[in-house]
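[1] Give me the fold of what follows.
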Amino acid sequence: MTLEALLTFFGILIAILAIARPVQRASLKLFVRVWLWVLVGAILLSVALIVCRDAPLGWKPLFGWSLSGVMFWLTFGAFAAPVLAALCCWKAWERAKLTRSRARFVESVFKVALREREFDEVERIIRKNLERLAQLPVNATTVLFDPAIVAALVDSHSLVHLELLADMQFLNSLENRFGAVDVVVRQLLRPGVSPLRSAVVKRYGGLEHLACSDSERELIEKTFQSPTWYFEASAHYPLIISAIETLRSAKLDAEYNEIGRDYEATQGVSKRAYCPIYLAVKTEVLAIEAALEGGIEKDFYVSDLFQIFDAVLQRSSFSKAVWENSLSNSEFPTPYALLLYEITADFRDLSATALRVATSDSEPSKAESPGRVARDLAQNWSFCIWRIADSEDRVSLAFRNDVIEEYLKFVLALHGQPSEVYAGSVSSTVEGLRAWRDLFLHELKSHFGSSWTGKKTALREAFDSLDQGKRYISEGSAWLEEELFG
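    Sure, this is the predicted structure:
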């Protein structure tokens, strides 16, 4: 190492710092702060060794060492000291370890990244410190969950923010955890990369050839399909708010009140796979189903499904030219109609799941009394029936009757044909079914008991249109008619 070479080395370091982006310089300042002083010391040491080697000082080697050996080690030391120090600086930056002292200053890196709209360094720091971020100060986490940063990383196929929130220790450490969850969920409902979409499409279809990776599946299982996380994070709130805001904006009304073949498509790319309303509904359904399967009885805000149903119904508009068009689907002619249909079908499926989970495998089978979630399902499903009963200008009469019929058939199945509910082999007699039957019947009667004549007329029309060719319907109709109409 010569003095000229050392100056060249020093110039290269200065050039690296000069061409580094502002975010990289902020990161270097954070992680290499101490090692920079070590590097400066190593350069000064190298200068001293070069001077000792080349200056005409007239010194003789000590301890009888050979002159050639001393010259070699002085040259080697002058080279090794700055190089090793530079390597230590690089290693410290590459590790990006957030100690407690560094965590206080990482906010500056996040702010620079936000200002420069460059977020690669932010993701690198997060990835390197997933287990240490619970010690981040409030201001740093506020910047970290800025919508611009979350959106940019999600668009780049990075789900690091959701991975962070999946850690219950980190989630509970956040002073404004609900705000962080809100930002992340809203971004996952946008078109683009989303494990929510992957989970929904995998279950309900709508996007052919979509590959749900193992990492996405595991992440969803740790978050939206984990009842504990879903409850603690209040993840239902941004789901329903996003759906309601989209409906309230009226920007979908024109498209969603027209023929919905592209929306309901089962092959190719369906528009519902990118619909924030549909994704929000199905995500909540999967979360509630996971709670039922896990036997967890808490308030999982089943009422969200009714609120979305009501909001969709308010935006829906009946047009004979659309609803009776030969090109439309007779069951659900428009996207809004499909949403209404899906929500009531989800209520039916979740109610059946609740009953199945509550039923023992012993002989004879016995169903435990309905729990909190089952009671919420009965109440809100019956609310949907009550709400759609006077919606002639929103949906067709045939559609309205079909929706009401599904509820009546569910009650009749509980009364006389449980296999219709269990969708599988079950003994003809299941003890404890009366409590379930009475629950759903009572909720329906309580809503229609004080309703005006128009709603009761709709209920009567749906009852009269029941298919009497099915044995459990024909045998139970007299009983149900007496219960509903006296």
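[2] CA-only coordinates of stretch 272-289 in PDB, if you can.
    Backbone C-alpha positions of stretch 272-289 (Å, rounded to 0.1, in the frame of the first residue of the first chain) are rendered in PDB as follows:
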ATOM      1  CA  ARG A 272     -65.800 -10.100  -8.600                       C
ATOM      2  CA  ALA A 273     -62.200 -11.200  -7.900                       C
ATOM      3  CA  TYR A 274     -61.300  -7.500  -7.900                       C
ATOM      4  CA  CYS A 275     -64.400  -6.200  -6.200                       C
ATOM      5  CA  PRO A 276     -63.700  -4.700  -2.800                       C
ATOM      6  CA  ILE A 277     -67.300  -5.400  -1.700                       C
ATOM      7  CA  TYR A 278     -67.100  -9.100  -2.600                       C
ATOM      8  CA  LEU A 279     -63.600  -9.600  -1.100                       C
ATOM      9  CA  ALA A 280     -64.700  -7.900   2.100                       C
ATOM     10  CA  VAL A 281     -67.800 -10.100   2.500                       C
ATOM     11  CA  LYS A 282     -66.000 -13.300   1.700                       C
ATOM     12  CA  THR A 283     -63.000 -12.500   4.000                       C
ATOM     13  CA  GLU A 284     -65.400 -11.900   6.900                       C
ATOM     14  CA  VAL A 285     -67.300 -15.100   6.100                       C
ATOM     15  CA  LEU A 286     -64.000 -17.100   6.200                       C
ATOM     16  CA  ALA A 287     -63.100 -15.500   9.500                       C
ATOM     17  CA  ILE A 288     -66.500 -16.300  11.000                       C
ATOM     18  CA  GLU A 289     -66.200 -19.800   9.700                       C
END
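[3] avg pLDDT for it?
    The pLDDT scores in stretch 272-289 average 95.
[4] contacting residues around Ala458?
    Ala389, Asp390, Arg400, Asn401, Ile404 (Cβ atoms under 8 Å, 6 or more residues apart in numbering). All C-beta atoms are positioned from the backbone trio N, CA, C, and that covers glycine.
[5] hmm, 7 Å instead?
    By Cβ atoms under 7 Å, 6 or more residues apart in numbering, the contact set of Ala458 is Ala389, Asp390, Arg400, Ile404.
[6] what does Thr283 give?
    When contacts are counted by Cβ under 7 Å, 6+ apart, Thr283 touches Leu196, Val200, Phe224, Leu239.
[7] How about it: what's its closest non-neighbour residue?
    Leu196 (5.3 Å; Cβ to Cβ, 6 or more residues apart in numbering).
[8] Show me how this protein divides into domains.
    Per automatic domain parsing, the structural domains of the chain span 3-57+66-95, 103-187, 189-485.
[9] Which of those domains has the lowest mean pLDDT?
    When the domains of the chain are ranked by mean pLDDT, domain 3-57+66-95 comes last with a mean of 71.
[10] related to what we said a few turns ago, most neighbours among the contacts of Thr283, which one?
    Of all these, the highest neighbour tally under other Cβ atoms under 10 Å goes to Leu239, namely 30 neighbours.
[11] Would you check how far apart the residue nearest to Val160 when sequence neighbours are not counted and Asp146 are?
    Spatial nearest neighbour of Val160, chain neighbours left out: Ile126 (5.0 Å); criterion: Cβ to Cβ, 6+ apart. Here the distance between Ile126 and Asp146 works out to 13 Å (Cβ to Cβ, to the nearest Å).
[12] Of those two, give the one with the bigger neighbour count.
    Ranked by neighbour count (other Cβ under 10 Å), Ile126 and Asp146 place Ile126 first, with 23 against 17.
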